[in-house]
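> Provide a 3D model corresponding to the input given below.
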Amino acid sequence: GEGWDTKATGPEGWLGTTGLLPCRYFVQSLGSEATYTLTRTGKNGKGKEVVKGEASAHVESNFGTAFPLGWIYCQVSGKQAGTSLLLVGGKFRIGL
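Next comes the predicted model:
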């Protein structure tokens with residue numbers, strides 16, 4: 001697929017370029033293909049157990065000088081490829 005556009009305007013639009021927002025939130029992907037390998041101690045503390053698989057991954061970036069006072073986050077992924085929904089909101093002060 002295409003690489004991420006690090007200079008793209010995020011969900012906060014032009015306000016994100018002003019330095020007035022205490023945090024930045026940018027969803028890079030809601031459904032990237034990913035592979036995983038999990039290793040853990042086996043039963044009764046003996047040996048190792050390895051689990052491998054494929055999954056759909058969510059990738060985002062969050063950065064800034066403060067986290068919002070309140071935060072609501074909801075993410076849904078459907079069985080059909082490319083079906084997803086993300087809702088997010090926060091309570092924070094602009095310009096601090």
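> and the residue nearest to the spatial centre of the chain, what are its bridge partners?
Closest to where the C-alpha atoms of the chain average out (CA atoms, centre = their mean) is E60, at 3.2 Å. Legend: beta-bridge partners of E60 under DSSP bridges are V27.
> cool, and the one 10 residues further on?
Partner residues in beta bridges with G70: K91, with DSSP bridges as the criterion.
> now do the one 4 residues further on
Taking DSSP bridges, one obtains L87 as the residues bridged to C74.
> If you tally nearby residues, what's the number for it?
9 (other CB atoms under 10 Å). Every residue, glycine included, has its C-beta placed from N, CA and C.
> Quick check: G42 touching V50?
No: with contact defined as CB atoms under 8 Å, G42 does not count as touching V50 (9.7 Å).
> send the alpha carbons of stretch 75-85 over as PDB?
Written as PDB, here are the backbone C-alpha positions of stretch 75-85 (Å, rounded to 0.1, in the frame of the first residue of the first chain):
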ATOM      1  CA  GLN A  75     -13.800   1.800  17.100                       C
ATOM      2  CA  VAL A  76     -15.700  -0.900  15.100                       C
ATOM      3  CA  SER A  77     -14.300  -3.200  12.400                       C
ATOM      4  CA  GLY A  78     -16.500  -5.300  10.200                       C
ATOM      5  CA  LYS A  79     -15.900  -8.700   8.800                       C
ATOM      6  CA  GLN A  80     -16.000  -7.300   5.200                       C
ATOM      7  CA  ALA A  81     -12.600  -5.900   4.200                       C
ATOM      8  CA  GLY A  82     -12.400  -2.100   4.400                       C
ATOM      9  CA  THR A  83     -15.400  -1.800   6.700                       C
ATOM     10  CA  SER A  84     -14.600   0.300   9.800                       C
ATOM     11  CA  LEU A  85     -15.800   3.200  11.900                       C
END
